[in-house]
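Participant: Provided below are the primary sequence and the corresponding predicted coordinates.
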Amino acid sequence: MPLASPVIAPLPSSVAVFVVVPVVQLIVSVPGTSPAFAHVCVMRGAGTKAFYGEAITGSVLDTRDLTGISSYEPSELVLTARAGTPLAEVEAALAERGQCLPFEPPRFPDPERPGQRGGTIGGVVASGLAGPARASAGGVRDYVLGATLLNGEGEVLSFGGQVMKNVAGYDVSRLLAGSLGVLGVICEVSLKVLPVPSATTTLRFDCEQARALDLLQTWGGQPLPLNASAWWQGALIVRLSGAVAAVESASHTLGGEVIDARLAQGFWAGLRDQTDEFFNDARRALADGAALWRVSVPAGSPPLALQGEQLIEWGGAQRWWVSRDGVARVRQVAAQHGGHATLYRAKDKAAVLAGATAASVFEPLKAPLDRIHRDLKKSFDPHGLFNPGRLYPHL
């Protein structure tokens, strides 16, 4: 199947000034026959997710001047924004019309603006990170309708559009979600948005991990408006969202302790932005040599045999672990349950990965997937200019 046919995108002159010109200069300066290039291009918006993925160095291409909401059609549930647009600006515009980004992208601290959080919309797509509602609402890629991309040849290409069915061939725009910028510079994205749920209730159940996982599996098979869940230290917290009647009925059926709305809002915001007690404790443990792992397994998996503090989200499919276990042990346990493990945060990731076979922050790829990744990188970025090594050391 061919890639979706790109078109040359007519973008504002700001794209040429802030993105195309510096990248083309890098491309022109690269001798085409040499495997070693003088420059690499490190894409950067607000820099809120610099911790994520592999560490790289190079000439910084700041996208924050490429900003602004290009179009917003509330009745069509579609918003288009340039890559450097602050996430806070996008969410404020949506909130005015009672709409939201259902996948709840995390809002990390801005390293250059103390007290501000959020990052840019380009970083939201490039990182592919989602919050508590991911298991029920879908991830970032499920809401990407179209994108404009600057490739490694200095071409500005447009993929997808502003409707759900608008692609022939591979859906390149969604391929950008989670790519960490290794394929090119995201210039603009179109996202599907949804109305804010008309009713939300949060319930608490005191139970051990195994019981919590059983309950989540049982509820997952029932027609309940279960929007998010979290288990930590003997407490299972679930969020119901949807129509008023559906939420009230489900709350009555499930029982549990109803949490005050204001407290619940703070709890879910802390979980989304990774500022709650678990993640604060994790940061203190990292300073003492521990690592924070994100273990992804099938939702029905039993408790995992790993040492350390644990937080469970996404109906059991995402297990956060603060652990001192070695990388081989963590990934062995994840693989035994059909999952994989990402080294999410550590004081020194290189030290944690030292001595591991095919050491990388993300789970090493099987040969067929590795070949696809290499081919995509070669197709979009033949000179290896964009964020080389950020996703995997060889990409």
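Facilitator: Arrived safely, thanks for sending.
Participant: now the residue nearest the centre of the chain. Nearest residue, chain neighbours left out?
Facilitator: Nearest to the geometric centre of the chain sits L129, at 1.3 Å (CA atoms, centre = their mean). Spatially, and ignoring its direct neighbours in sequence, L129 is nearest to P106 (5.5 Å; CB to CB, 6 or more residues apart in numbering). For glycine as for every other residue, the C-beta is placed from the backbone atoms N, C-alpha and C.
Participant: wait, isn't the one you found in contact with G270?
Facilitator: No: with contact defined as CB atoms under 8 Å, P106 does not count as touching G270 (10.7 Å).
Participant: follow-up on the earlier one: got the contact list for the residue nearest to the centre of the chain?
Facilitator: When contacts are counted by CB atoms under 8 Å, 6 or more residues apart in numbering, L129 touches K49, Y52, P105, P106, V140.
Participant: as TSV, these with secondary structure and distance to W314 would be great.
Facilitator: TSV is the format used below for these (DSSP: H, G, I helix; E, B strand; the rest coil; distance: CB to CB, whole Å):
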residue	secondary structure	distance to W314
K49	coil	20
Y52	coil	18
P105	coil	15
P106	coil	14
V140	helix	14
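Participant: for stretch 114-132, buried residues please.
Facilitator: Using 16 or more other CB atoms under 10 Å as the test for burial, stretch 114-132 gives 117-132.
Participant: chain center to that stretch, what's the gap?
Facilitator: Distance of stretch 114-132 from its chain centroid, counting by CA atoms, centre = their mean, to the nearest Å, is 8 Å.
Participant: before we move on, what about stretch 280-300?
Facilitator: 17 Å.
Participant: what mean pLDDT does it get?
Facilitator: Computed over stretch 280-300, the mean pLDDT rounds to 96.
Participant: for that stretch, which outside residues touch it?
Facilitator: Stretch 280-300 is contacted from outside by 135, 213, 216-217, 220, 304, 306, 308-309, 314-324, 330, 333-334, 337-347, 349, 352, using CB under 8 Å, 6+ apart.
Participant: number of nearby residues for the residue nearest to L129?
Facilitator: P106 has 21 neighbours, counted by other CB atoms under 10 Å.
Participant: who wins on neighbours among the contacts of L129?
Facilitator: Ranked by the number of neighbours (other CB under 10 Å), these place P105 first, at 25 neighbours.
Participant: contacts only, for that one.
Facilitator: P105 makes contact with L87, G119, V124, L129, A130, G131, V140, according to CB under 8 Å, 6+ apart.
Participant: verify the contact between F267 and F278 for me.
Facilitator: No: contact criterion CB under 8 Å: F267 and F278 do not qualify, at 11.0 Å.
Participant: give me the element T342 is part of.
Facilitator: Counting by DSSP states H and E, the element that carries T342 is strand 340-346.
Participant: and that strand, which strands flank it?
Facilitator: Note on strand 340-346: by DSSP bridges, its sheet partners are strand 291-296 (antiparallel).
Participant: skip ahead from the strand it pairs with and say which helix or strand is next.
Facilitator: Note on strand 291-296: by DSSP H and E, the next helix or strand toward the C-terminus is strand 309-313.
Participant: how far off centre is that next one?
Facilitator: 18 Å.
Participant: can I get the next helix or strand after it in CSV? Just the C-alpha atoms.
Facilitator: Downstream of strand 309-313, the next assigned helix or strand under DSSP H and E is strand 318-323. This file holds the C-alpha atoms of strand 318-323, laid out as CSV (Å, rounded to 0.1, in the frame of the first residue of the first chain):
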residue,chain,number,x,y,z
GLN,A,318,-0.6,0.9,32.4
ARG,A,319,1.6,0.1,35.4
TRP,A,320,3.9,2.8,36.7
TRP,A,321,6.8,1.4,38.7
VAL,A,322,9.3,3.1,40.9
SER,A,323,12.0,0.4,41.0
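Participant: still on that earlier bit, got the angle between the strand holding T342 and strand 318-323?
Facilitator: Interaxial angle, strand 340-346 versus strand 318-323 (axes from the mean of the first three to the mean of the last three CA atoms, to 10 degrees): 50 degrees.
Participant: I'd like the next helix or strand past strand 340-346.
Facilitator: Counting by DSSP H and E, the next helix or strand C-terminal to strand 340-346 is helix 349-353.
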